[in-house]
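In: A predicted structure for the sequence below; I have some questions about it.
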Amino acid sequence: MTRRNVVVVSFAGLLSAVLAASGTARAAGQTKSPEEELLAKVKGHPLAKLGPLLTNLNDEYQQFARSASGVQGPKSFKTTNPFLNVRNGVVAIEGVANDPVALKATLVAIGATDLHGGGINFSARVPIDGLARLGSDPALRAAAPVMARTQHALPVPVISQGVQSMFGLDGPDHPEIDGTGLRVGVLSDSFGCEPPAFEPGAPTSTVAQDIARDELPADIVVAADEPCDSSSTDEGRAMMQIVHDVAPGAAEAFHTAFVSNVDFACGIMELGGISTAGAAHACGAFGVTYSPLSGDHVSDVIVDDVIYFAEPMFMPGIIAQAADTVFAAGIPYFSSAGNQERASYESDYREIVDNGNFGHNLNRGNAPGPNAIRVHDFGGGDTTQTITMIQTGGPAFVVLSFQWDQPHFSSTAFGTLLGGGTIRDALNAPAATTDMDLLFYDDKGILVPLCSPGVSKGKTCQITGTNNVVSGDAVDLVALFFTGPKPAAQFQIRIVRSGGSADVHRVKYVAFQFAGATTIDEFNTRSGTAYGHANAQGVASIGAAAWYATVAWKDNPADPFGLFRNKDGSPRCDPACAEDFSSAGNIPIFFDGVGHRLAAPFTRQNPWVTGPDGGNSSFFFADSSFDDDDGDGLNSPFSTFLTPLDPDPASEYPNFFGTSAAAPHVAAVGALMLQKNRSLAPTDVYDILRDTANDMTSRFTNVSTANGPAAIITVVDNPAGFDFDTGWGFVDADAAVDAVPAP
C-alpha cells in the first residue's frame, strides 16, 4: 500500500509549493498569469479547506451578518447560489478528518447535528455561522457541501403503465409470482415527508393513504429518513409504489441516500444486513452506531436512484464499494443509470505549455515564457473548447463534475477501513497528487470573474479552484452562472494543471444543468455519463424508455397525433425507444477501491438493461400529456404539447419520469425471479435479464414543429446486441421469470 504523510501547512505556503511544483513559479517582480491570479484568490483563502463552494457561501453569510438584515440571525439568511441548499441557517456538508476525535469536538461545539460517518469520513448539518471555525480547524482535512441529485427528469390503486410495458397489456403470465417472501430495499431522497401536490389541484397522498389504498405494502421498514423540509419530495416513496405495482406481494425497506456519500454507502450495507467488522469500522464513528438490519428485515434486492456529483469516475467510490459489498453477499443491486444522456467530454490528457502575452486573453504562443501555464490540448494545439449557454426564462446555470485518473482519498480511505485497515492506514491511503482546474472564459478569451459572495444578480461568474493536493480527491465541481444580457452566449473551457504531479493520463467532465441549457460546440466527444456507483462491478444500472414509446402501447389512445405509430399502424418503437436523456456508459476504470492502479483499465457493460419510466403515481410528480387517466379524451392540464387540455387536474394522476422510475420497475422483476428460485445469485439474476431482454436500436426526442408535435427517432451507438445507450435491451418481465430454473 502506498503511504502518505499527512501534514498541516499554511495555505500561503501551500500555494507557493503548488505553483513551484507546476513549473510556473515567478521570479521577483514578474507578473502572474490571470489564471494564477484568479485561482490564488480561491486557494489562498483562509478557509480554503472548505473548497470554493463553501468558502463562497461563508463569505456571502459574513456579508449578510454585517448588514442590517444580519441582526435577524442566521436562520433568516438566504443564499443566492442556486446550487446550494441552506435550510434555516444550516448547510449539509461532508468531508474527511485529519483527527476524527478533535473534529467531532469542534462539530459539537459549533452546534452541528446529524453527524454521520465512519473512520475519517463524515457528514453533518452545520450552522452557517460555524463554517469559519470549522474551516480553520487543523483537525479538518477537507469539506464540501453535500451535492446529490435524484435521477427523475423534469422539468382505485394507481398502477404504473410501465407494468404493461414489461408484461404486455394482458399482465403477468404468472400472477401467483408476486414477490411474496421477499423484501426490496430502496434508497432515495425521502419517504415519509408527505409534500403537498407538486402542481396546484393535482392528486397527492400520505403514507397512511398509500397503504390503505394498496399503493404500498403494509410491511415497510424505514431504517432512516431524510430530515423533512420544503425541499423534500418523497421520491423514495414513489419508487416504492412502482416496486409494489410490479411485485405487490413483496415487503419493502427504505433508507435515505441524501445525507452524504458515506451515509448513503452505510445505508446500503444496513439494508443488506452486512455485519462485518470492516463495515462497522467504516461506518461507525462521529457518534453514530452502525446498525445493520437483521432477520426478515434484511433486503433481498436493493435499488437506488441517486448520483453524487463528486463520485469517482475512474475508480470505485464509497457508494460503489458498498454496493459491491452487498452484491458479494448475494443481494442483486440495481441503480438508475442517470439522466445526462451524453453530456460529457472525455479525452487522453495532452499537456502543452501556453505562454501568456499579458493581454488577459487567449492569443497566446506555445513557447515558455514568464506567464506560462500548463494546459490541455483539445486538438491541434487548441487549448480551449467552445460551449454555448442559453437562458430559458432566467439565468442559465451549469455544474461540471471534472475529474482525472488519480485516486480519490475519501474513497481509498473508506475502502481501507472497509477491508479491515486501521485509522492510521486510512490516513495514509493513496490520494490525488495533482492539482487540476477547469476555467471558463468568455467568447473574447477573457476569464469569467469569480462569483462574488453568493451569486450576484446580473453578473456572469464562475465558481472553481478546489485545491486537490489538500483534499486528495481527483475531482473539481465547477459552475458557470450566465445572466445575459443576451439570451445566449458562447464561452470557452480551459483545463489547467495548476500544480503537483504530471502523472495525469485521462480527463473527463459530465455536465449537470440546473437552469437554462448548455451545448458543447466543439471537441464534443459525447462520452458516457453513467458514472459512479452506476458503473460499479456488482451493480446492474438501468436506462429508461417511456412507457408510451414501447410496443405494448403502440395504440395508446392518448397519442392522437400517432407520434409512435407508422402510417400502417406498426410501432415506431419496437420493442422500445430510449428516452433522449437516458445516460450512456463506456467509462473506463483505472483503479481498485483502495487506489491501486490496475494492470490494464477495463470498461463495464453499462447500462445493463432498460426499463420503463413515466408511469402513474398517486402523488409524484406532474401529469404527462401521453395518458388520459379519466378517459375523457382530454390531455394533461400541465402540458401544452398535446391538445385539448383537461380542465380538471384532480382527475389525472401524476407521472414519474427518469431512470429513477425505470430502476425500481426492473428491481421488482428481480424480486419476482428470486421468489421463483431463492438460490439465484445476483449474477444469475443479471444474466437472465440480459438473455431475455429485447434488443433496442433507437432513442426518441419530443419536439414541436410548425405542423404540430413530432417524435424524432434516432439510432443508438451500436444497434446489434449490447450498446452503451440501452444495454442489452428492454426488459421482458414474463420471459425473465419463465427463464428462471426451478430450484
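Out: Nice, thanks for sending it over.
In: When you work out contacts or count neighbours from here on, use the C-alpha atoms and nothing else.
Out: OK.
In: so what's residue 442 closest to, chain neighbours aside?
Out: Spatial nearest neighbour of residue 442, excluding adjacent residues (C-alpha to C-alpha, 6 or more residues apart in numbering): residue 491 at 4.5 Å.
In: Identify the bridge partners of the one you found.
Out: residue 387, residue 442 (DSSP bridges).
In: Hmm, it is touching residue 440, no?
Out: Yes - with contact defined as C-alpha atoms under 8 Å, residue 491 reaches residue 440; the gap is 6.7 Å.
In: Provide a list of residues in contact with the residue nearest to residue 442.
Out: By C-alpha atoms under 8 Å, 6 or more residues apart in numbering, residue 491 lies in contact with 386-389, 440-443.
In: Highest neighbour count among these?
Out: In terms of neighbours by other C-alpha atoms under 10 Å, those top out with residue 440 at 27 neighbours.
In: and that residue, what helix or strand is that in?
Out: In the assignment (DSSP states H and E), residue 440 maps to strand 434-442.
In: What is that strand packed up against?
Out: Packing partners of strand 434-442 (3 or more C-alpha pairs under 8 Å, 6 or more residues apart in numbering; DSSP states H and E): helix 468-471, strand 475-482, strand 488-500.
In: is it true that residue 267 lies in a helix?
Out: Yes - counting by DSSP: H, G, I helix; E, B strand; the rest coil, residue 267 is found in a helix.
In: Save the helices and strands packed on strand 434-442 as CSV, and put in mean pLDDT and distance to residue 168 too.
Out: Shown next, in CSV, are those (pLDDT from 0 to 100; distance: least, C-alpha to C-alpha, whole Å):
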stretch, mean pLDDT, distance to residue 168
helix 468-471, 95, 51
strand 475-482, 96, 43
strand 488-500, 95, 45
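In: and among these, the most buried is which?
Out: Highest mean neighbour count of those: strand 475-482, a mean of 26 (counted as mean count of other C-alpha atoms under 10 Å).
In: Using JSON lines, lay out the helices and strands packed on strand 434-442 together with distance to residue 433.
Out: Output for the helices and strands packed on strand 434-442, formatted as JSON lines (distance: least, C-alpha to C-alpha, whole Å):
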{"stretch": "helix 468-471", "distance to residue 433": "6"}
{"stretch": "strand 475-482", "distance to residue 433": "12"}
{"stretch": "strand 488-500", "distance to residue 433": "6"}
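In: Among these, which comes closest to residue 589?
Out: Closest to residue 589 of those is strand 475-482 (C-alpha to C-alpha; 15.1 Å).
In: by contact count, what packs against the closest one?
Out: With 3+ C-alpha pairs under 8 Å, 6+ apart as the test, strand 475-482 has strand 396-404, strand 434-442, strand 461-463 packed against it.
In: how far is the second one from where the chain is centred?
Out: The chain centre lies 21 Å from the centre of strand 434-442; the measure is C-alpha atoms, centre = their mean, to the nearest Å.
In: Look through this structure and tell me its longest helix.
Out: Taking DSSP state H as the criterion, the chain has its longest helix at helix 659-676.
In: if we can go back for a sec, residues contacting the strand holding residue 440, please?
Out: Contacts with strand 434-442, where a contact means C-alpha under 8 Å, 6+ apart, come from 18, 402, 447-448, 462, 464-469, 474, 476, 478, 480, 490-504.
In: Mind checking the helices and strands packed on strand 434-442 for the one nearest to residue 602?
Out: When the helices and strands packed on strand 434-442 are compared by C-alpha to C-alpha, strand 475-482 sits nearest residue 602, at 20.4 Å.
In: helix or strand right after the lowest-mean-pLDDT helix or strand in the chain?
Out: The weakest-scoring helix or strand in the chain, judged by mean pLDDT, DSSP states H and E, is helix 11-21 (a mean of 33). Counting by DSSP H and E, the next helix or strand C-terminal to helix 11-21 is helix 34-43.
In: any idea of the angle that next one forms with strand 434-442?
Out: If you take axes from the mean of the first three to the mean of the last three C-alpha atoms, to 10 degrees, helix 34-43 sits at 120 degrees to strand 434-442.
In: Quick check: which helices or strands does helix 34-43 pack against?
Out: Applying 3+ C-alpha pairs under 8 Å, 6+ apart, one finds that helix 34-43 makes contact with helix 11-21.
In: Identify each buried residue in whichever strand or helix holds residue 108, please.
Out: Residue 108 is part of helix 100-109 when elements are defined by DSSP H and E. Within helix 100-109, the residues that count as buried by 16 or more other C-alpha atoms under 10 Å are 100, 103-104, 106-107.
In: pLDDT averaged over that helix, what's the number?
Out: For helix 100-109, the mean pLDDT works out to 91.
In: per the record, what domains does the chain have?
Out: Domain assignment for the chain by automatic domain parsing gives 150-339+531-739, 344-407+422-520.
In: Now do the first one: distance to the chain's middle.
Out: Going back to what we said before, that points to domain 150-339+531-739. Using C-alpha atoms, centre = their mean, the offset of domain 150-339+531-739 from its chain centre is 14 Å.
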